[in-house]
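# build the 3D model from these lines:
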Amino acid sequence: MKYCRILAIVLSIASISQAQTTQPASMASTTTAAAATSSPTAEQVRNQLLAPSPSDARQLPPATTGPMTDATTGHGAVAPVAPSLNVLREGTFIVNRVGRLKRSADGQQAELVFETDGKTMRDPPMIILPNLKLMQMENAVTGSSRDLRFRVSGVVTEYKGRNYVLLDKVVVVPDQDQQF
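Numbers count the residues shown, from 1 in each chain. Model prediction:
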């Protein structure tokens, strides 16, 4: 009797598991068709991602039209009768330019003042965007007893009539290259 119960339990479990794994062919094809219609194909997803954005999205107008005058030149310059100069376009690279680290008039921002001949004043100062290169420059100036010159490279940005520079390379110009 005990063996009969065990045999009955085993047979019932086997029949239940058999019933769960097998389906009639017509039901299996219906289930597969339903799954195909409920989830999009890879091609449908790709087409949806590549489709143009909705018509309510609009592109921003250009920030400036034509060249802008640098706010620190012309009437904004300290020197009398200074020429008005255009800002450099965003994305312009400065490569191996020599300049000094100075603070802006309000003391809030670091500026890169390029070395020029002192007469033409064709290079208005650029505000240095904060990054580790600026921190290296500030540390070098703090640890030095002289006014340091730096050879810098970086990318220029523009905002409201001023140029900014994101420095990529900064090297202190050695003493023998310093002009006194």
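# for the host helix or strand of L167, packing partners?
Per DSSP states H and E: L167 is located in strand 162-172. Other elements packing on strand 162-172 under the criterion 3 or more CB pairs under 8 Å, 6 or more residues apart in numbering; DSSP states H and E are strand 126-128, helix 132-142, strand 150-159. In short, each C-beta sits where N, CA and C put it, glycine included.
# can you pull the contacts of the residue lying closest to V95 once chain neighbours are set aside?
Of all residues not flanking V95 in the chain, S153 sits nearest, at 4.9 Å (CB to CB, 6 or more residues apart in numbering). Taking CB atoms under 8 Å, 6 or more residues apart in numbering, we find S153 in contact with F93, I94, V95, N96, R97, L167, D168, K169.
# burial measure for the last one, as a count.
Just to be clear, that refers to K169. For K169, the neighbour count with other CB atoms under 10 Å is 12.
# isn't it right next to F150, touching?
No. The pair K169 / F150 is not scored as a contact, 9.6 Å apart, by CB atoms under 8 Å.
# okay, and the helix or strand of the protein with the least pLDDT?
One helix or strand of the chain scores below all others by mean pLDDT, DSSP states H and E: helix 25-38, with a mean of 55.
# identify the residues contacting N131.
Residues counted as contacts of N131 (CB under 8 Å, 6+ apart) are L166, L167.
# from G154, how far off is it?
9 Å (CB to CB, to the nearest Å).
# what's the pLDDT at the residue nearest to V95?
pLDDT for S153: 96.
# partner residues bridging it?
Per DSSP bridges, the residues bridged to S153 are K169.
# before we move on, the earlier item: and S104, which of the helices and strands packed on strand 162-172 is closest to it?
S104 lies closest, by CB to CB, to one member of the helices and strands packed on strand 162-172: strand 126-128, at 7.0 Å.
# list the contacts of the closest one.
101, 104, 109-112, 114, 134, 137, 156, 162-165, 167.
# from the residues you listed, pick the one nearest S145.
L101 (15.0 Å).
# P40: which of the helices and strands packed on strand 162-172 is closest?
strand 150-159 (41.3 Å).
# mind listing what G99 touches?
By CB under 8 Å, 6+ apart, the contact set of G99 is L112, V113, F114, E115, R149, F150, V152.
# looks to me like it is in a strand.
Yes. Per DSSP: H, G, I helix; E, B strand; the rest coil, G99 lies within a strand segment.
# any idea how far it is from L129?
G99 is 15 Å from L129, where distance means CB to CB.
# try E43
44 Å.
# more neighbours: those two, which one.
Ranked by neighbour count (other CB under 10 Å), E43 and L129 place L129 first, with 16 against 8.
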